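Visitor: build me a model:
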Amino acid sequence: MEEILKSQASEVREALSSRISKILGSSSEMGVLKDGQVVTKLLHKARMRISVHLQICLATPDDTTFTDTSISEYEIDRAALTIAHAMVNPINVDWDVDRYADRVKLSPPNRDGSATSEPERLKKYFSEAVLGKISTPATIVDRHGRILMVYLPNILSPARLEYVNNATSGLQNSLLDTLPPISDQKKSWRDDGFVVPEGGGEFGAGRITVSPAYFMQRQERLIDPLVTSESYNSKEVQKWLEALTTSELLWNSITAAVAPELFESGTSVFSKVVKEVRRRKNNSAPVDSWPSIFSGLEIIANRTTFSHRDPGGSPSLFDLLVSLGRNHHATLSLADVHAELDYSPGAMVYIAGRVLEHSVGPWINGERIVVAHFMKDAVA
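Guide: The predicted structure is shown next:
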């Protein structure tokens, strides 16, 4: 079974890469450089051409029968067109990301929903960026073209979204069990902001962090052991991970296209992690079946997320946020660049979470789920 999955993963990566190259043709940023400068006119032409094909794709239903063990040609086309559009739609900020990251201080979030004082403080050293509303596939880059965020709205097909939603609804009780008592005044900000739907809703509310191997808090020395998260051994979580195997395979392939260095790093590190965890006595966790190239996943249900940066990651590592749920119209806000992204179900966002302060405020209608994929610097 493992060899079949590896073969399928390789085929999907190759098909997606080939499709993106064909769509871009000579329209990628490398194809519109003249004397080292991006020719905006050519980028605009490419963007308009790809946008037309993308809109046709989004309006066309997938006529293949969805199965949980395969990825259709339609899904590959949809993903390729979305990624290609993001590539020819760069949005520049006039910073050097390394210098910006060096200046950033990790401040505790404000629980009133406002941004921390950091973006305002950083304006003393860096030009203010005001990007506004973003609703089409785009890439935010620094002055040297280094990526800060890749935004891929509607990249998931309706059938894939429905399938993952149904699988995740099976975690409703497990998620509700993670909620701290209302009377707990000392709860972490990460355990605050949850909105429990009437009757518990379809997904409940709460958060579950799952990892086959991570360092316990304040134990990241070379002599400290990697441990498997307690939730990883849960029958409900294992059932959910098994159900998401092919979906994660697709998301891994998208990562390979969007952030190839991250993909290679994650793939390389995971094989080492498996060997390390296997060496531990009394470890019965099925780490071999971990489906992602990221070292951890966090399922977050129905939470307003306070404006924050993610500790524990390198500025060069991206988090992957997969927006799920039903009928909601959430917005992902980026305080450092004054941007608001349409964060409806089916969107995927790669974000330098250690660099960009981000939040999700109250949303209109429906229930909101996100599966956050992360890779800790100490593990990577």
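Visitor: contact partners for residue 187?
Guide: Residue 187 makes contact with residue 180 under the criterion C-beta atoms under 8 Å, 6 or more residues apart in numbering. For the C-beta atoms, the positions are set from N, CA and C on the backbone; glycine is no exception.
Visitor: the chain should start at 22 in everything you say after this.
Guide: Happy to do that; since the first residue is 22 now, the last one works out to residue 208.
Visitor: check what pLDDT it gets.
Guide: Model confidence at residue 208, given as pLDDT, is 80.
Visitor: do residue 252 as well
Guide: The per-residue pLDDT reported for residue 252 equals 88.
Visitor: cool, residue 65 as well?
Guide: Note for residue 65: predicted pLDDT of 84.
Visitor: from residue 264, how far out is it?
Guide: Between residue 65 and residue 264 the distance is 42 Å, computed by C-beta to C-beta, to the nearest Å.
Visitor: swap in residue 375?
Guide: In terms of C-beta to C-beta, residue 375 sits 30 Å off from residue 264.
Visitor: more neighbours: residue 65 and residue 264, which one.
Guide: Ranked by neighbour count (other C-beta atoms under 10 Å), residue 65 and residue 264 place residue 264 first, with 17 against 13.
Visitor: give me every residue that touches the more buried one.
Guide: So residue 264 contacts 89, 188 (C-beta under 8 Å, 6+ apart).
Visitor: now swap in residue 179 and tell me
Guide: Listed by C-beta under 8 Å, 6+ apart, the contact set of residue 179 reads 82, 83, 367.
Visitor: I would like a PyMOL command selecting only the buried ones among these, please.
Guide: Provided next is the PyMOL selection string for whichever of those are buried by 16 or more other C-beta atoms under 10 Å:
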select buried, resi 83+367
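Visitor: could I get the contacts of residue 179 in TSV, plus columns for distance to residue 323, pLDDT and secondary structure?
Guide: Formatted as TSV, these follow (distance: C-beta to C-beta, whole Å; pLDDT from 0 to 100; DSSP: H, G, I helix; E, B strand; the rest coil):
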residue	distance to residue 323	pLDDT	secondary structure
82	29	88	coil
83	28	88	coil
367	17	98	coil
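Visitor: the residue most central in space within the chain pairs with what?
Guide: With distances taken as C-alpha atoms, centre = their mean, the residue of the chain nearest its centroid is residue 341 (1.7 Å). Residue 341 forms beta bridges with residue 371, residue 394, as assigned by DSSP bridges.
Visitor: tell me who's in contact with it.
Guide: 272, 276, 315, 369, 370, 371, 393, 394, 395.
Visitor: so what's the residue count around the residue nearest to the third one when sequence neighbours are not counted?
Guide: Distance criterion C-beta to C-beta, 6 or more residues apart in numbering; nearest residue to residue 315, sequence neighbours excluded, is residue 394 at 3.9 Å. Burial of residue 394, expressed as a neighbour count using other C-beta under 10 Å, amounts to 24.
Visitor: residue 394 against residue 311, yeah?
Guide: No: between residue 394 and residue 311 no contact is recorded; they are 11.7 Å apart, counting by C-beta atoms under 8 Å.
Visitor: just the helices in the stretch 72-221 of the chain please.
Guide: Remark: helices assigned in the stretch 72-221 of the chain by DSSP state H, counting those that start in this stretch are 94-108, 118-124, 139-143, 179-190, 193-197.
Visitor: need the winner for burial among these.
Guide: Of these, the one with the most neighbours on average (mean count of other C-beta atoms under 10 Å) is helix 94-108, at a mean of 23.
Visitor: biggest helix in the chain by residues?
Guide: helix 23-45 (DSSP state H).
Visitor: convert that helix to PDB, retaining C-alpha atoms only.
Guide: Extracted in PDB, the C-alpha atoms of helix 23-45 (Å, rounded to 0.1, in the frame of the first residue of the first chain):
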ATOM      1  CA  GLU A  23       2.800   2.400   0.900                       C
ATOM      2  CA  GLU A  24       4.500   1.900  -2.500                       C
ATOM      3  CA  ILE A  25       1.300   2.500  -4.300                       C
ATOM      4  CA  LEU A  26       0.800   5.800  -2.500                       C
ATOM      5  CA  LYS A  27       4.400   6.800  -3.200                       C
ATOM      6  CA  SER A  28       3.800   6.100  -6.900                       C
ATOM      7  CA  GLN A  29       0.500   8.000  -6.900                       C
ATOM      8  CA  ALA A  30       2.100  11.000  -5.200                       C
ATOM      9  CA  SER A  31       4.900  11.100  -7.800                       C
ATOM     10  CA  GLU A  32       2.400  10.900 -10.600                       C
ATOM     11  CA  VAL A  33       0.300  13.700  -9.200                       C
ATOM     12  CA  ARG A  34       3.300  16.000  -8.600                       C
ATOM     13  CA  GLU A  35       4.500  15.400 -12.100                       C
ATOM     14  CA  ALA A  36       1.100  16.000 -13.700                       C
ATOM     15  CA  LEU A  37       0.600  19.200 -11.700                       C
ATOM     16  CA  SER A  38       4.100  20.500 -12.500                       C
ATOM     17  CA  SER A  39       3.600  19.700 -16.200                       C
ATOM     18  CA  ARG A  40       0.200  21.400 -16.300                       C
ATOM     19  CA  ILE A  41       1.500  24.600 -14.600                       C
ATOM     20  CA  SER A  42       4.400  24.800 -17.100                       C
ATOM     21  CA  LYS A  43       2.100  24.400 -20.000                       C
ATOM     22  CA  ILE A  44      -0.300  27.100 -18.700                       C
ATOM     23  CA  LEU A  45       2.400  29.500 -18.000                       C
END
